[in-house]
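Q: next input, structure requested:
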Amino acid sequence: MENILLVLNIIFAIILVGLVLIQKSEGGALGIGVSQESFMFSRSAGDFFTKATAVIATLFIICSLSLTIISREDIVSPTSVIDKIEVNDDDEPVIPENNN
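A: Numbers count the residues shown, from 1 in each chain. As a prediction, the model looks like this:
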């Protein structure tokens with residue numbers, strides 16, 4: 001199940017990047033070189049890409065959250081990092097021997 005979600009997540013990410021790159025920017029050019037005719041025809045395509053981007057982004061987020069929830073089940077019971085540290089009873093530093 002985890003592998004399927006991982007593959008879906010990668011596919012959603014690639015599609016999402018593609019949809020964002022395909023979309024026409026709505027600002028920046030200040031309308032230079034854009035006629036009213038092209039504005040009227042490109043609006044419906046822009047709405048489609050905007051809705052498709054929202055749907056794919058939602059699926060990507062849901063898939064990412066599902067992967068996080070599934071991977072949390074593999075974690076062993078939470079233990080403190082301090083509990084894992086071994087306590088050394090010798091407080092004196094060890095002087096290395098001379099190998100000459």
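
Q: show the pLDDT at E26.
A: Looking at E26, its pLDDT stands at 66.

Q: please apply the same query to N88.
A: pLDDT, N88: 61.

Q: for the protein, which segments count as helices?
A: For the chain, applying DSSP state H gives helices covering 2-22, 36-72, 81-84.

Q: for the first one, name the packing helices and strands.
A: In other words, helix 2-22. Applying 3 or more C-beta pairs under 8 Å, 6 or more residues apart in numbering; DSSP states H and E, we find helix 2-22 packed against helix 36-72. Glycine gets a C-beta too; all of them are placed from N, C-alpha and C.

Q: with the last one instead?
A: With contacts taken as 3+ C-beta pairs under 8 Å, 6+ apart, helix 81-84 sits against no other helix or strand.

Q: the longest one too?
A: Counting contacts by 3+ C-beta pairs under 8 Å, 6+ apart, helix 36-72 is packed against helix 2-22.

Q: just the CA trace of the helix it packs on, in PDB.
A: These are the backbone C-alpha positions of helix 2-22, laid out as PDB (Å, rounded to 0.1, in the frame of the first residue of the first chain):
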ATOM      1  CA  GLU A   2       2.800   2.300   0.900                       C
ATOM      2  CA  ASN A   3       4.500   1.800  -2.500                       C
ATOM      3  CA  ILE A   4       1.300   2.500  -4.400                       C
ATOM      4  CA  LEU A   5       0.800   5.800  -2.500                       C
ATOM      5  CA  LEU A   6       4.500   6.700  -3.100                       C
ATOM      6  CA  VAL A   7       4.200   6.200  -6.800                       C
ATOM      7  CA  LEU A   8       0.900   8.100  -6.900                       C
ATOM      8  CA  ASN A   9       2.500  10.900  -4.900                       C
ATOM      9  CA  ILE A  10       5.300  11.200  -7.400                       C
ATOM     10  CA  ILE A  11       2.900  11.200 -10.300                       C
ATOM     11  CA  PHE A  12       0.700  13.900  -8.700                       C
ATOM     12  CA  ALA A  13       3.900  16.000  -8.100                       C
ATOM     13  CA  ILE A  14       4.900  15.800 -11.800                       C
ATOM     14  CA  ILE A  15       1.400  16.600 -13.000                       C
ATOM     15  CA  LEU A  16       1.200  19.500 -10.500                       C
ATOM     16  CA  VAL A  17       4.500  21.000 -11.700                       C
ATOM     17  CA  GLY A  18       3.400  20.600 -15.300                       C
ATOM     18  CA  LEU A  19       0.000  22.300 -14.700                       C
ATOM     19  CA  VAL A  20       1.600  25.200 -12.900                       C
ATOM     20  CA  LEU A  21       4.100  25.700 -15.700                       C
ATOM     21  CA  ILE A  22       1.400  25.500 -18.400                       C
END
